[in-house]
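Student: with the input below, show me the fold.
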Amino acid sequence: MNTSPQILRFHYDLRTVFTRYPIPYLWLKRWQQKYLHPQAATGTATGENIKRGAIEKDTDIVIEGYPRSGNTFASSAFRIAQTKPVKIAYRLHAPNQLICAAKMCNPAIALIRPPEDAVLSWVIHRSHLTIEQALKGYISFYQAVLPYKDYFVIADFDRVINNFGAIIQEVNQKYDADFQEFIHTDENVAKCFAVIDDFYRGAGEGKISAQTVARPSSDRQHQKEKLRSQFNSNSLNKMCSEANQIYTSFVS
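Tutor: Alright, predicted model coming up:
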């Protein structure tokens, strides 16, 4: 039985609120990690292990951001680069992951993408969402994290997909860590995309949807162009302005 769009939207709005707080959201995710997906946070970069990881006391690094901001590529590239197992908290799209990292003194990469691109890509991925809802989610995520901004390595989307090795270098310098650098060659990028495809193929029962897969897609780009006029409509001007100001605060 298909869940109605109204229920899915309600769930998204509820989740937007809960992900700002460790109780009960992170407690639940830690329970799931312990009993349902015990290998996901520490496994090697394979399609089976692109799941999610909640921050715990022994977490080595947090890699987290709003959806469609390079989360899957960054976590896959980070794992591919390491020569030993690392425990990553990632892909929950929960601002409290980053807040907890700051409070627990864990190395952390805060991923961010210009709001228009992130929001439209997320609405295409989650077709039941409205642009207004996704914008509210973007603003809520980064407003919660903003007071802790100086603690993180800030990774803009373009840097993630074009020079992720430099981001790991910055992590090592900032936190006196010794993570292996991702060498941004065509071969290594292809390895990341292969891992991502493997994950989405498994989630899609053997098929990969261009609408949802977390890598470049010409089909999705075409859909974005159709939605840009809605994003830039007068009714959303105030929210768009707020989201853009938050983005600028992070990357400036």
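
Student: please name every helix or strand in contact with the host helix or strand of Arg201.
Tutor: Arg201 belongs to helix 186-203 when assigned by DSSP states H and E. When contacts are defined as 3 or more C-beta pairs under 8 Å, 6 or more residues apart in numbering; DSSP states H and E, helix 186-203 sits against helix 71-81. Quick note: C-beta positions are derived from backbone N, CA and C, even for glycine.

Student: hmm, back to that, so what touches the helix or strand just after the helix holding Arg201?
Tutor: Toward the C-terminus, helix 186-203 is succeeded by helix 218-231 as the next helix or strand (DSSP H and E). Contacts with helix 218-231, where a contact means C-beta atoms under 8 Å, 6 or more residues apart in numbering, come from 116-117, 119-121, 123-124, 131, 210-211, 236, 240.

Student: restricted to helices, list the residues you listed.
Tutor: 116-117, 119-121, 123-124, 131, 240 (DSSP state H).

Student: so can I have CSV of those showing distance to Ala108 and pLDDT?
Tutor: Shown next, in CSV, are those (distance: C-beta to C-beta, whole Å; pLDDT from 0 to 100):
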residue, distance to Ala108, pLDDT
Glu116, 25, 96
Asp117, 22, 95
Val119, 23, 96
Leu120, 26, 95
Ser121, 23, 93
Val123, 27, 95
Ile124, 28, 92
Ile131, 29, 96
Cys240, 27, 96
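
Student: point out where the stretch 101-250 of the chain drops to low pLDDT.
Tutor: Applying pLDDT under 70 to the stretch 101-250 of the chain flags residues 202-219.

Student: okay, helices next: where are they in the stretch 1-150 of the chain?
Tutor: 5-18, 27-35, 71-81, 95-104, 115-125, 131-145 (DSSP state H, counting those that start in this stretch).

Student: now these in a markdown table, with mean neighbour count and distance to Val160?
Tutor: A markdown table is the format used below for those (neighbours: other C-beta atoms under 10 Å; distance: least, C-beta to C-beta, whole Å):
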| stretch | mean neighbour count | distance to Val160 |
| --- | --- | --- |
| helix 5-18 | 13 | 23 |
| helix 27-35 | 15 | 23 |
| helix 71-81 | 24 | 5 |
| helix 95-104 | 22 | 15 |
| helix 115-125 | 22 | 12 |
| helix 131-145 | 21 | 16 |
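
Student: nearest to Asp178 among the ones you listed would be which one?
Tutor: Asp178 lies closest, by C-beta to C-beta, to one member of the helices of the stretch 1-150 of the chain: helix 71-81, at 12.0 Å.

Student: just want the angle from that closest one to helix 186-203.
Tutor: Relative orientation of helix 71-81 versus helix 186-203 (axes from the mean of the first three to the mean of the last three C-alpha atoms, to 10 degrees): 120 degrees.

Student: ok now helix 71-81, how far from the chain's centre?
Tutor: The chain centroid and the centroid of helix 71-81 are separated by 11 Å under C-alpha atoms, centre = their mean, to the nearest Å.

Student: helices or strands up against it?
Tutor: Helix 71-81 packs on strand 61-65, strand 88-90, strand 108-112, helix 157-162, helix 164-175, helix 186-203, going by 3+ C-beta pairs under 8 Å, 6+ apart.

Student: a markdown table please, covering those and showing distance to Asn232 and mean neighbour count.
Tutor: Below are those laid out as a markdown table (distance: least, C-beta to C-beta, whole Å; neighbours: other C-beta atoms under 10 Å):
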| stretch | distance to Asn232 | mean neighbour count |
| --- | --- | --- |
| strand 61-65 | 23 | 28 |
| strand 88-90 | 31 | 28 |
| strand 108-112 | 20 | 28 |
| helix 157-162 | 19 | 17 |
| helix 164-175 | 30 | 18 |
| helix 186-203 | 30 | 16 |
